[in-house]
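Colleague: Coordinates for the following, if possible.
(one chain, ligands or ions: 1)
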Amino acid sequence: MGIASQDAIMQLSALVDEVDEPLKVTFKNIHMGYPSETLVRFLKAREWSIPKAHKMLVDCLNWRIQNHIDIILNKPIIPADLYRKIRDSQLVGMSGYTKDGHPVFAIGVGLSTYDKASVNYYVQSHIQINEYRDRVILPAASKKYGRHIGTCVKVLDMTGLKLSALNQLKLLTIISTVDDLNYPEKTETYYIVNAPYIFSACWKVVKPLLQERTRRKVQVLQGCGRDELLKIVDSASLPHFCKREGCGSSRHSTSRSDDCFSLDHPFHQQLYNYIKQKGQEYVALLKQGSFHVDVPEPDPEGIKIKSTDVRATLTYKGDDFVNSVEVQEWESGMSLNDIAAKQGIRIRRSHRTGHPSEGSKDEKDTPRNILEQIIWDKEVEVAQFKQTKPLETLKKAVEGAPPVRDFVGALRESYRRTGVPALIAEVKKASPSKGVLREDFDPVQIAKTYEKHGAACLSILTDEKYFQGSFQNLEAVRKAGVECPLLCKEFIIDSWQIYNARSKGADAVLLIAGVLPDLDIKYMTMICRELGLAALIEVHDEREMDRVLKIDGIQLIGINNRNLETFEVDISNTKKLLEGERGEIIQRRGIIVVGESGLFTPQDISYVQGAGVRAVLVGESLIKQIDPGKAISGLFGKDVSK
Ligand SMILES: O=C(O)c1ccccc1NCC(=O)[C@H](O)[C@H](O)COP(=O)(O)O
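Modeller: The predicted structure follows:
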């Protein structure tokens, strides 16, 4: 610790020496023999401002006195039946210690219902666990490990999370405010595990309510988090819901005493007996019933809780998410694959966890076609990438990415200038249907010649396994000064990939309707909008087109003439999908249609243009030529360069 910090501690300590006697007594109950370490927590929480830390501490001490926090552990929640109901509906426990001695607290966020007692009882129970941690568990840990241990880690299990959990925002806000103001810097890290499909939407609502310093401590782990957590805890200390991938419920583990939420677990047995014994000592002094803890108003100067209008956020989400059929189906227990299948999606997802009805992986472990195989491999690949580069890190990289260029604008401008569909020229070395298309593959050189000869935008394949592409190619083209906006041609199944594409300099991403359910498309296009990216939504048949046309704000629809399950290519597919009412809706809404795949001749181009296409995505017919750029005029039957 530096001299400045030591100085700050001494100054704050001198100020604390001046407080009234009752406040001094309660301060002793907080610091438990470690006054300097306690002052450091308050200083850290106020970015080392002594006046602010002093105010925070004095407010906290007054709050403790006014709400009798020093004797809250002497006040059992009775009758025992009520206590049991609270424990069953507010899932909290302690599973052991990290390798360096920090207690590991487990919280069943997804399956807690908070519906068996009033808010006051849940707040009382929460504060009792905080106090038990600070007065019993942490001092015992310090003794056991022979050094001061003043913090814990928390593992938050999202199994069973439903959007209806947002109805508990009031209680969760009270609890997090109590913690922020009165128990600062007590948690090292919050690990989120078993995050289901719906987690991103909930997190978007909850995140703005948290302080920045708390948010920075949140880490979302892949799946049940076992592999990551085993780096910091022994398996015996792993919470039961982290032990097995897709175990489905944080409530039902193999044995009751292994389930750290169960009242039979040693932690709860000890906590219960401790409070019971303390209660007997003080029973004459106290009335029974719940504590009515005052929740202090956050200090507007000292802390940075963003004043988000939760209702507005929820209403906004309400249109798109909360009331959507998919969410209702998911919450009623349908598996994600069943929801997708109901929308006509044949591609199944393999590795999603977090919902009991997903079933076991063995039931479906043979992919039915190449696209399904690609998607299953992509799930594994993305999971690995996410471990090495979590979303928070990626978001920082996005801030440093080169600016986004107007992909849609470039297509419109090219069509206006040339009178023929704008070209999105594809930088693709190989494909599953055609194998290697070009041996001497120099992505930057190819991109430059495409640009020189009139391409409006470029499509850069980034999938390595099936297309021999890479994100290095995307970055290299962007860094080489090519001005055409770039489409990151990737199989996107997770919004993490959209941030990744942007961080590498992409201006647009591809979203395949044959892979992504409606809710994913809506959510991902929203993220694209936030990042300034264009989203090319690809469809192959009428059903996919109808689904996409129901989504608001779509600017670009790609009609793929290639069936990605069979590789069959038929350019009349474009015409078929644009006939009648569909074509009229597209025209009315000013959506640009991109004709994709199997375009080789000027006749092909004028055929799809006649059907209503205003841009084309072309790979094979150009990339196979000696100079792919020079081949552009052959494809259009005229020079389209500027
Ligand atoms: O092209 C494939 O073999 C393929 C297989 C599985 C998924 C996607 C696939 N291709 C992506 C494309 O559709 C094309 O790269 C793109 O539309 C350009 O097509 P083309 O002009 O025919 O090369």
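Colleague: before we move on, could you check phi and psi at the closest residue to the ligand within the stretch 151-300 of the chain?
Modeller: As assessed by C-beta to the nearest ligand atom, the ligand sits closest to Tyr197 within the stretch 151-300 of the chain, at 23.9 Å. For every residue, glycine as well, the C-beta is placed using N, CA and C. Dihedral angles of Tyr197 (phi, psi; degrees, to the nearest 10) stand at phi -40, psi -40.
Colleague: Can you give me the neighbour number for it?
Modeller: 22 (other C-beta atoms under 10 Å).
Colleague: What is the burial count for the nearest residue to it once chain neighbours are set aside?
Modeller: If the residues on either side of it in the chain are set aside, Tyr197 comes closest to Leu336, at 5.9 Å by C-beta to C-beta, 6 or more residues apart in numbering. The local packing of Leu336 (other C-beta under 10 Å) involves 22 other residues.
Colleague: mind checking the end-to-end distance for stretch 186-200?
Modeller: Between the opening and closing residues of stretch 186-200 lies a distance of 26 Å (C-alpha to C-alpha, to the nearest Å).
Colleague: what's the answer for stretch 173-190, then?
Modeller: 16 Å.
Colleague: Which residues does it contact?
Modeller: Stretch 173-190 is contacted by residues 40-42, 44-45, 56, 59-60, 63-64, 69, 102, 119, 122-123, 126-127, 130, 133-134, 150-154, 156, 209-211, 214, 217-219, 293, 295-296, 298-299, 303, 305 when judged by C-beta atoms under 8 Å, 6 or more residues apart in numbering.
Colleague: Ok, stretch 212-222 next?
Modeller: Identification of contacts with stretch 212-222 by C-beta under 8 Å, 6+ apart yields 44-45, 176, 180, 187-193, 195, 199, 207, 210, 228-229, 304, 383, 386-387, 390-392.
Colleague: What's the separation between the nearest residue to Gly553 once chain neighbours are set aside and the ligand?
Modeller: Of all residues not flanking Gly553 in the chain, Thr525 sits nearest, at 6.4 Å (C-beta to C-beta, 6+ apart). Applying C-beta to the nearest ligand atom, to the nearest Å, one obtains 20 Å for the distance of Thr525 from the ligand.
Colleague: Residue ranges in the stretch 151-300 of the chain under the pLDDT threshold?
Modeller: 245-257, 281-300 (pLDDT under 70).
Colleague: Please report phi then psi for the nearest residue to Leu209 once chain neighbours are set aside.
Modeller: Closest residue to Leu209 apart from its sequence neighbours, by C-beta to C-beta, 6+ apart: Thr173 at 6.0 Å. Note on Thr173: backbone dihedrals following degrees, to the nearest 10 are phi -70, psi -40.
Colleague: Centre of the chain to the longest helix along the chain, how far?
Modeller: Looking across the chain with DSSP state H, the single longest helix is helix 370-388. Relative to its parent chain, helix 370-388 has a centroid offset of 16 Å by C-alpha atoms, centre = their mean, to the nearest Å.
Colleague: going on from that helix, what's the next piece of helix or strand?
Modeller: The helix or strand immediately downstream of helix 370-388 is helix 391-399, counting by DSSP states H and E.
Colleague: ok, residues contacting the next helix or strand after that next one?
Modeller: Later in the chain than helix 391-399, the nearest helix or strand by DSSP H and E is helix 407-418. If you take C-beta under 8 Å, 6+ apart as the criterion, helix 407-418 is touched by 421-424, 454, 456-457, 484-485, 487, 507-508, 533-534, 555-556, 592, 594, 614-615, 636, 640, 642.
Colleague: cool, stretch 518-534 as well?
Modeller: Looking at what lies outside stretch 518-534 - C-beta under 8 Å, 6+ apart - the contacts are 200-201, 320-321, 324, 326-327, 343, 398, 404, 406-408, 485, 487, 492, 495, 498-499, 501-502, 506-509, 511, 513, 516, 535, 537, 547-548, 550-551, 553-556.
Colleague: For it, what is the distance to the chain centroid?
Modeller: Worked out by C-alpha atoms, centre = their mean, stretch 518-534 lies 14 Å from the chain centre.
Colleague: same thing with stretch 37-44?
Modeller: 31 Å.
Colleague: Equivalent analysis for stretch 209-225, please.
Modeller: Taking C-alpha atoms, centre = their mean, one finds the center of stretch 209-225 at 10 Å from the center of the full chain.
Colleague: so who does Ile571 touch?
Modeller: Ile571 makes contact with Asn561, Gly595, Gly598, Leu599, Asp604, Tyr607, Val608, according to C-beta under 8 Å, 6+ apart.
Colleague: and of those, the nearest to Val477?
Modeller: Closest approach between the contacts of Ile571 and Val477, by C-beta to C-beta: Leu599, at 21.9 Å.
Colleague: Would you show me how to pick out the buried ones of the contacts of helix 407-418 in ChimeraX?
Modeller: Selecting only the buried entries of the contacts of helix 407-418 in ChimeraX, with 16 or more other C-beta atoms under 10 Å as the criterion:
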select :421,422,423,424,454,456,457,484,485,487,507,508,533,534,555,556,592,594,614,615,636,640
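Colleague: Of the contacts of helix 407-418, which belong to helices?
Modeller: Per DSSP H, helices hold the following members of these: Phe636.
Colleague: Sitting in strands, which of the contacts of helix 407-418 do you find?
Modeller: Ala422, Leu423, Ile424, Cys457, Leu487, Ala508, Ala534, Leu556, Ile592, Val594, Ala615 (DSSP state E).
Colleague: Tell me the bridge partners for the second one.
Modeller: Pointing back at Leu423 there. Val616 (DSSP bridges).
Colleague: and the gap between it and the ligand?
Modeller: Using C-beta to the nearest ligand atom, Leu423 is found at 11 Å from the ligand.
Colleague: need the helix or strand of this protein with the lowest average pLDDT.
Modeller: Lowest by mean pLDDT, DSSP states H and E among the helices and strands of the chain is helix 310-317, with a mean of 33.
Colleague: just to revisit the earlier point, for the longest helix of the chain, which outside residues touch it?
Modeller: 222-223, 228, 346-352, 367, 432, 463, 465-466, 491, 493-494, 496-497, 500, 514-515, 564-565, 567.
Colleague: just these that are near the ligand?
Modeller: Pro432, Leu564, Phe567 (C-beta under 6 Å from any ligand atom).
Colleague: show me what contacts the first one?
Modeller: Residues counted as contacts of Pro432 (C-beta under 8 Å, 6+ apart) are Ile370, Ile374, Tyr466, Phe467, Phe567.
Colleague: how about Ile72, secondary structure?
Modeller: Under DSSP: H, G, I helix; E, B strand; the rest coil, Ile72 falls in the helix class.
Colleague: Could you check the pLDDT of it?
Modeller: With respect to pLDDT, Ile72 scores 90.
Colleague: same check, this time on Thr388
Modeller: 89.
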